[in-house]
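Colleague: below are the sequence and a predicted model; questions follow.
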Amino acid sequence: MTRWSRDPARVILTVAAGAVLAAAGAVAQTTDDAAPPSDTVPLVGWGSKGFELRSRDGNFLIQIQPRVQIRYAYPRDQDPVTLEDFTGDPQHVFKVNRARLKIGGHAYRPWLSYFFEYELAASNLLDFRVMVERFAGLKLKVGQWKVHYNRERVISSGQQQLADRSLINRAFTLDRQQGLSLYGRLRGGGAADLSYWASVFTGMGRGARENDDKNLMWMGRLQWNVFGRVLPFTGSDIARRAKPEALIALAGVTNRSRYTRFSQDGGGQLTGFPDGQPGQYRVRQWVAETAFMYRGFAWQQEFHWKRIDDQVNTTTTTLIGNYAQVGYFLHEAVSDIPPQLELAVRHAFYNPNTALPDDLQQELSLAVNWFFRGHLNKLTAEASLFAFGEDVTDREDGWRFRLQWDISM
């Protein structure tokens, strides 16, 4: 294999370019040459997931969608992590926050699907997964993806109500992992409607092909679909649902590795934890989650608990956090307000060590969204207030403004 073919960015871009050229060739063939049999000419179009090339028998589909997220922030962009983050010089930040290429679809049968996502700005292969989804009650996924642990992280950054995820995301997310998952929906009579996920991963984060010891990450999630309908992983009720949809979910995970946190960059450490040795940190955590949507109103909430056992230094740290978020299209109550306008508010708190009761971090954020074409073309203005304390006397607070345009093509 050549060095060129090992570059995932070039491979993905080549696949995308090849699909476009194939579509162009198919169209040219039908206009310039003798028309081939109608059942061999692919269907070419544009849908909610971008450019589409589909076989006429429905067994093959490729969807290609570029996405760009442009952001302005002041006096800084990232959430504060320590008190020192409040004391730096203010800066105007203007950047391409995300630039991604998504390729998905199915092959051979509609129930055998695949998905790739590449972050062009940072040159990271984010997702690569294959799903076998022939039976609603039992499906299989293998590859690398955002673990279906908590709703806030699973929701795409392009389908959120605010510019980004809450203050607690950094401490509790499992982010992307490599492994496999069994999942499905168990539909009973009436409200006896459940969705489940049972997964095992290497537990080392994005891009990690091997574990650092013999311990794997195990994750389970059980979700009650309260009204017998599945609430999708999206942050706004753009559809103005005529019937209420809600969920109550519990999820838990156990893992042992050198890391105490995960992010898009892979494994890392929370503040106060040194770089680990293989298997140094035993992490157990769980989340209780609720969500509800109805007639333009959207609610979501998560309470997190996490315990980190340092096997080398024989210490134990317990962390807790919670966020609650609501959004509403005011047009549903006042017809003179444009229907494209949504107002959203979020409150989050995080205690990085429950043994220190005054060690509390809080966030209060207000956002206004204008949807040009749903989440595919959206402008968000957000103002946030942060308040941190390490003890009764040592406290800091500060604010942040962000303006963001997210567009998928």
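Modeller: Sure, I can see it. Numbering: from 1, shown residues only.
Colleague: low-scoring stretches of the stretch 251-400 of the chain, by residue?
Modeller: 391-393 (pLDDT under 70).
Colleague: spell out the residue ranges of the strands in it.
Modeller: With DSSP state E, counting those that start in this stretch as the criterion, the stretch 251-400 of the chain has strands at 261-263, 266-268, 281-294, 297-310, 315-328, 341-351, 360-371, 377-389, 395-408.
Colleague: what does the stretch 1-150 of the chain give?
Modeller: Secondary structure of the stretch 1-150 of the chain by DSSP E, counting those that start in this stretch: the strands cover 43-47, 50-54, 61-74, 93-106, 112-119, 124-135, 138-146.
Colleague: export the strands of the stretch 251-400 of the chain to a markdown table and tack on distance to residue 54 and mean neighbour count?
Modeller: (C-beta placed from N, C-alpha, C; glycine too.) What follows is those, written out as a markdown table (distance: least, Cβ to Cβ, whole Å; neighbours: other Cβ atoms under 10 Å):
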| stretch | distance to residue 54 | mean neighbour count |
| --- | --- | --- |
| strand 261-263 | 36 | 21 |
| strand 266-268 | 35 | 18 |
| strand 281-294 | 30 | 20 |
| strand 297-310 | 32 | 19 |
| strand 315-328 | 34 | 18 |
| strand 341-351 | 33 | 20 |
| strand 360-371 | 27 | 19 |
| strand 377-389 | 24 | 18 |
| strand 395-408 | 19 | 17 |
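Colleague: out of these, nearest to residue 125?
Modeller: In terms of Cβ to Cβ, the element of those nearest to residue 125 is strand 266-268, at 11.8 Å.
Colleague: so what strands line up beside the closest one?
Modeller: Neighbouring strands of strand 266-268 in its sheet, by DSSP bridges, are strand 261-263 (antiparallel).
Colleague: just the mean pLDDT for stretch 61-77, thanks.
Modeller: Averaging pLDDT along stretch 61-77 gives 96.
Colleague: that stretch: which residues count as buried?
Modeller: 61-65, 67-69, 71-73, 76-77 (16 or more other Cβ atoms under 10 Å).
Colleague: residue 381 versus the residue nearest to residue 148 when sequence neighbours are not counted, what's the distance?
Modeller: Nearest residue to residue 148, sequence neighbours excluded (Cβ to Cβ, 6 or more residues apart in numbering): residue 197, at 4.6 Å. According to Cβ to Cβ, to the nearest Å, residue 197 stands 35 Å off from residue 381.
Colleague: beta-bridge partners for the spatially closest residue to residue 51 that is not a sequence neighbour, please?
Modeller: Excluding its sequence neighbours, the residue lying closest to residue 51 (Cβ to Cβ, 6+ apart) is residue 64, at 4.6 Å. On the basis of DSSP bridges, residue 64 is bridged to residue 51, residue 103.
Colleague: now swap in the one 4 residues further on and tell me
Modeller: Going by DSSP bridges, residue 68 is paired in beta bridges with residue 99, residue 407.
Colleague: residue 101 is in contact with that one, correct?
Modeller: No. Counting by Cβ atoms under 8 Å, residue 68 sits too far from residue 101 to count as a contact (10.3 Å).
Colleague: can I get the strands of the stretch 251-400 of the chain in a markdown table with distance to residue 190?
Modeller: As requested, the strands of the stretch 251-400 of the chain are exported to a markdown table (distance: least, Cβ to Cβ, whole Å):
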| stretch | distance to residue 190 |
| --- | --- |
| strand 261-263 | 38 |
| strand 266-268 | 43 |
| strand 281-294 | 18 |
| strand 297-310 | 23 |
| strand 315-328 | 27 |
| strand 341-351 | 32 |
| strand 360-371 | 34 |
| strand 377-389 | 36 |
| strand 395-408 | 37 |
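Colleague: most widely separated two among the buried residues of stretch 61-77?
Modeller: 61 and 76 (42.3 Å).
Colleague: quick one: contacts for residue 207?
Modeller: Residue 207 sits next to 124, 125, 144, 266 when contact means Cβ atoms under 8 Å, 6 or more residues apart in numbering.
Colleague: do you know how far the first one is from residue 51?
Modeller: Distance from residue 124 to residue 51, counting by Cβ to Cβ: 22 Å.
Colleague: still on that earlier bit, residue 210 is nearest to which of the strands of the stretch 251-400 of the chain?
Modeller: Closest among the strands of the stretch 251-400 of the chain, once you apply Cβ to Cβ, is strand 266-268, at 12.3 Å.
Colleague: related to what we said a few turns ago, and which of the contacts of residue 207 is nearest residue 259?
Modeller: For those, the nearest to residue 259 is residue 266 (8.3 Å; Cβ to Cβ).
Colleague: leaving out sequence neighbours, find the closest residue to residue 259.
Modeller: Spatial nearest neighbour of residue 259, chain neighbours left out: residue 267 (3.5 Å); criterion: Cβ to Cβ, 6+ apart.
Colleague: perfect, I'm done here.
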